[in-house]
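Undergrad: Below: sequence and its predicted model.
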Amino acid sequence: MPYLWDTTWRSLIGFVLASLVGVTVGIPLGLSKRAEELFLPTVDAVRTIPPVALLPLIILFFGIDHSMKVAFIFVGSIWPVLVNTAQSVKSVDPMYIKVAFNSGHSNRSTLFRVIIPSSLPGIFAGLRISLSISVILSIVSEMMAGNTGLGFFLNYSKRNFDYDDMFSAIIVIAILGWLLNMAIHRIDRHVLSWYYHSRDNQLECSQF
């Protein structure tokens, strides 16, 4: 149980940090053509670097304790959120924005009432990918430099030829990933209930 708890809280902390920064940076990146031209090439270049390749650098700055693992998860899981947020904001129908301005909405009001709600389906798609990556990177960091967590337990069982524990750890990791995915799926369905209701109505109408 302690191994499961360590992996879970590290995955969630890294995921939450990546989500907050990814959405915060992705929104202006999607809104501003100038920001996209300046920073998107850098984003595309950096996100292709495997997180494992950055692990020695992360260890240099954070050591090998919990903060290193959280930083490792953050570095690897931020990109799906950031890129999906930027693309979703950029893809908002300009007609919605024009109608909002013509109705007297300010830039701030248009952002929070039109642009962000319209972007949420794409943002949540990025969040679901990021959450899965967070669990994977938590396991990887524990296997490579850790003495706690499911990754450490999996590695320890393998080295001691304890295959029952090794396969048990693999099953627990799979269940953890499934539970976290179900949780964010439920949050997605709750927050975007209006979107799925509208989509289902459109699908029903298109069948006639």
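TA: Right, received. Where do you want to start? Numbers count the residues shown, from 1 in each chain.
Undergrad: Every contact and neighbour count from this point should use C-alpha atoms.
TA: Fine.
Undergrad: Grab the nearest non-local neighbour of Y195.
TA: P121 (7.9 Å; C-alpha to C-alpha, 6 or more residues apart in numbering).
Undergrad: With D6 instead?
TA: That would be G149: by C-alpha to C-alpha, 6+ apart, it lies 5.0 Å from D6.
Undergrad: Let me know the pLDDT of M1.
TA: For M1, the model assigns a pLDDT of 67.
Undergrad: One more: the one 10 residues further on?
TA: Looking at S11, its pLDDT is 94.
Undergrad: And for L192?
TA: 86.
Undergrad: ok, how many other residues are close to it?
TA: 16 (other C-alpha atoms under 10 Å).
Undergrad: thought it was touching P121?
TA: Yes - taking contacts as C-alpha atoms under 8 Å, L192 lies within contact range of P121: 7.3 Å.
Undergrad: contacting residues for S130?
TA: S130 makes contacts with 15, 19, 77-81, as judged by C-alpha atoms under 8 Å, 6 or more residues apart in numbering.
Undergrad: per-residue pLDDT, the residue sitting nearest the centre point of the chain?
TA: Residue closest to the mean C-alpha point of the chain, counted by C-alpha atoms, centre = their mean, is S130 at 2.5 Å. S130 carries a pLDDT value of 96.
Undergrad: same thing with I171?
TA: 92.
Undergrad: still on that earlier bit, need the contact list for the residue nearest to D6.
TA: So G149 contacts 2-7, 139, 142 (C-alpha under 8 Å, 6+ apart).
Undergrad: Pick out whichever of those sits closest to F62.
TA: Of all those, F62 sits closest to E142, with 14.6 Å by C-alpha to C-alpha.
Undergrad: Run a quick neighbour tally on the closest one.
TA: If we define neighbours as other C-alpha under 10 Å, then E142 has 23 of them.
Undergrad: Any buried residues in the helix or strand hosting it, and which?
TA: E142 belongs to helix 116-144 when assigned by DSSP states H and E. Within helix 116-144, the residues scored as buried using 16 or more other C-alpha atoms under 10 Å are 116-143.
Undergrad: Likewise for stretch 144-163?
TA: Buried residues in stretch 144-163 (16+ other C-alpha under 10 Å): 145-157.
Undergrad: from memory E36 sits against I27, does it?
TA: No - with contact defined as C-alpha under 8 Å, E36 and I27 do not form a contacting pair (10.6 Å).
Undergrad: hang on, the earlier thing: where's the residue nearest to the centre of the chain relative to I184, distance?
TA: 11 Å (C-alpha to C-alpha, to the nearest Å).
Undergrad: What distance separates the opening and closing residues of stretch 41-52?
TA: 21 Å.
Undergrad: now that stretch, how far from the centre of its chain.
TA: Averaging C-alpha positions (C-alpha atoms, centre = their mean, to the nearest Å) puts stretch 41-52 15 Å from its chain's average.
Undergrad: Which secondary structure element of this protein has the lowest mean pLDDT?
TA: helix 193-206 (a mean of 67; mean pLDDT, DSSP states H and E).
Undergrad: In which helix or strand does T8 reside?
TA: Counting by DSSP H and E, T8 is part of helix 2-31.
Undergrad: Thank you kindly, that will do.
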